[in-house]
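**Q** Please work out how this folds:
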Amino acid sequence: MSVNNGPPVVNPIPPAILVIFCGIISVEAALFFGFLGSSGNSGLATERLFLIQNYGVPPNLVNWMFETGNFSFETLSRFLVYPFINLSSLSVVFAVVLLLALGKMVGEVLSASAVILIWVLSTSCAAFFYSISVVNGQILVGSYPGVYGFVGAYTFVSWITLRIAKKNNQSQAFSLIVALMSVQLIFSFLFGTGDLWIADFAGFVVGFFTSFFLIPGGVRAVISILRR
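**A** Numbering: from 1, shown residues only. Alright, predicted model coming up:
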């Protein structure tokens, strides 16, 4: 009796991405099933609003922290918790689809610790930049700054790959972020989605430049490639 050792039908998702995925889904499941104290559509909306107000990052939060000297754990934890809270269930669906797709590609190149570091730095730095850049805007929540961090990492890896291959169309590596940001800016203009794109783009920038230090071989390998 022969055993089929062919490739799996579904490629495994890197464990680090699964951890992030479970964090996002757990919060949404807690809201949906009323584990936070309320049930039904009205209860879900109330509890979601509670999470947004208590764990989101509002504009000018950073300025307020420095003015008051309030660097308490409760305040700082907002920068780490907010990406696991989304504005709607539909937002969660799009976020996790992009997370699993991009995270898988990034996780196949970078280590698990590097993937987690990109997520943490992208989300926290994006929230910091959003808070000091936006004066009057909505409270920042959502997984997209972290997802865009993986877009940045994927863009960097693609760019380096094209450079190693000495391709002339190296700008092709940036086509994904151009497409995503174009769509987001159009939606922001047409439907008034606010300034959340600022945090998303900041997440992309952080993910892109953080990858410079995290790819196999480190900075020396990147510098060697760029000098070719």
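
**Q** ok, Leu180 - how many residues close by?
**A** With neighbours defined by other Cβ atoms under 10 Å, the count for Leu180 comes to 19. For every residue, glycine as well, the C-beta is placed using N, CA and C.

**Q** For the spatially most central residue of the chain, which three-state class applies?
**A** Central residue of the chain (Cα atoms, centre = their mean): Gly146, 1.0 Å from the mean position. Secondary structure assignment for Gly146 (DSSP: H, G, I helix; E, B strand; the rest coil): helix.

**Q** and the gap between it and Ile17?
**A** Gly146 is 11 Å from Ile17, where distance means Cβ to Cβ, to the nearest Å.

**Q** for Pro58, same thing?
**A** 29 Å.

**Q** And those two? Which one has more around it.
**A** Ile17 (24 against 17).

**Q** Might you report the residue contacts of that one?
**A** Leu99, Leu100, Gly103, Lys104, Gly107, Val115 (Cβ atoms under 8 Å, 6 or more residues apart in numbering).

**Q** my guess is the fifth one contacts Ile116, does it?
**A** No: counting by Cβ atoms under 8 Å, Ile116 is not a contact partner of Gly107; they are 10.2 Å apart.

**Q** Identify the contacts common to those two.
**A** Taking Cβ under 8 Å, 6+ apart as the criterion, Gly107 and Ile116 both touch Ala16.

**Q** quick one, which of the two is more surrounded?
**A** In this view Gly107 and Ile116 are compared by other Cβ under 10 Å, and Gly107 has more residues nearby, 22 against 16.

**Q** Relative to Ala127, how far out is the more buried one?
**A** Separation of Gly107 from Ala127 (Cβ to Cβ): 23 Å.

**Q** likewise Phe73?
**A** As judged by Cβ to Cβ, Phe73 and Ala127 stand 16 Å apart.

**Q** Compare the two and say which one has the larger neighbour count.
**A** Shown here are Phe73 and Ala127; by other Cβ under 10 Å, Ala127 has more neighbours (25 against 6).

**Q** what sits against the more buried one?
**A** Val57, Arg78, Phe79, Tyr82, Leu140, Pro145, Ala199.

**Q** what's downstream of whichever strand or helix holds Glu47, the next helix or strand?
**A** According to DSSP states H and E, Glu47 maps onto helix 40-55. The first helix or strand that comes after helix 40-55 along the chain, using DSSP H and E, is helix 61-68.

**Q** Can you name the residues that contact Phe21?
**A** Residues near Phe21 by Cβ under 8 Å, 6+ apart: Ile13, Val96, Leu99, Leu100, Gly103.

**Q** And those, which of them are buried?
**A** Val96, Leu99, Leu100, Gly103 (16 or more other Cβ atoms under 10 Å).

**Q** Distance of the residue nearest to Ser122 when sequence neighbours are not counted relative to Ile164?
**A** In space, and not counting its chain neighbours, Ser122 is closest to Gly149: 2.5 Å by Cβ to Cβ, 6 or more residues apart in numbering. Between Gly149 and Ile164 the distance is 23 Å, computed by Cβ to Cβ.

**Q** Please apply the same query to Ile25.
**A** Ile25 is 36 Å from Ile164, by Cβ to Cβ.
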